[in-house]
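here is a sequence with its predicted model. Questions after.
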Amino acid sequence: MSQRGFGFIEIIIVAAIVAVAGFLLMQYFTSTAKTIEKLQEDRPLARTKLAADQATLTSVQGLVRGYQAEKGQYPPDKATVLGLLVSPPKFQCPGNDFEYDPTTGGLSLTITDDARC
């Protein structure tokens, strides 16, 4: 009589193949999740936007220096600095603004919400 069905060895081989495939899939998805997490931490686009905001601030600083060279003093307040511009500065990161110190003529970038950029 001939019996039909799978033998014990064949079942063990299939179970081993399924286990190895499961392990490889688990490794793939774990590494993919880590890669996505790393990309979110690095946020290269946010760094680029922040660099653009710094460049905007540098150009405004140049106008303040030009004002100081022409008038012999720094602008008295932030409103005067904004008056030197054709239009208010448009920062890439929402909520960013700048602070102005009239005693030194220094400008600094104010980041109100770090998560938005």
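Received the coordinates, thanks. Residues are numbered from 1 along each chain as shown.

show me this structure divided up by domain.
Residue ranges for the domains of the chain, per automatic domain parsing: 7-42, 44-116.

for those, give me JSON lines that also has mean neighbour count and mean pLDDT.
In this view, the C-beta of every residue, glycine as well, is placed from N, C-alpha and C. Output for those, formatted as JSON lines (neighbours: other Cβ atoms under 10 Å; pLDDT from 0 to 100):
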{"stretch": "domain 7-42", "mean neighbour count": "10", "mean pLDDT": "87"}
{"stretch": "domain 44-116", "mean neighbour count": "13", "mean pLDDT": "87"}
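
helices or strands up against the one helix or strand S59 maps to?
Element membership of S59 [criterion: DSSP states H and E] is helix 44-71. Contacting helix 44-71 under the criterion 3 or more Cβ pairs under 8 Å, 6 or more residues apart in numbering; DSSP states H and E are the following elements: helix 78-84, strand 97-101, strand 106-110.

of the ones you listed, which is nearest L24?
If you check each of these against L24 by Cβ to Cβ, strand 106-110 wins as the nearest, at 46.9 Å.

pairing partners for the closest one, with directions?
Note on strand 106-110: by DSSP bridges, its sheet partners are strand 97-101 (antiparallel).

export the partner strand as CSV, just CAs?
Extracted as CSV, the C-alpha positions of strand 97-101 are listed here (Å, rounded to 0.1, in the frame of the first residue of the first chain):
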residue,chain,number,x,y,z
ASP,A,97,10.9,86.1,14.2
PHE,A,98,13.9,88.2,15.1
GLU,A,99,14.9,90.2,18.1
TYR,A,100,16.7,93.5,17.8
ASP,A,101,19.1,95.0,20.4
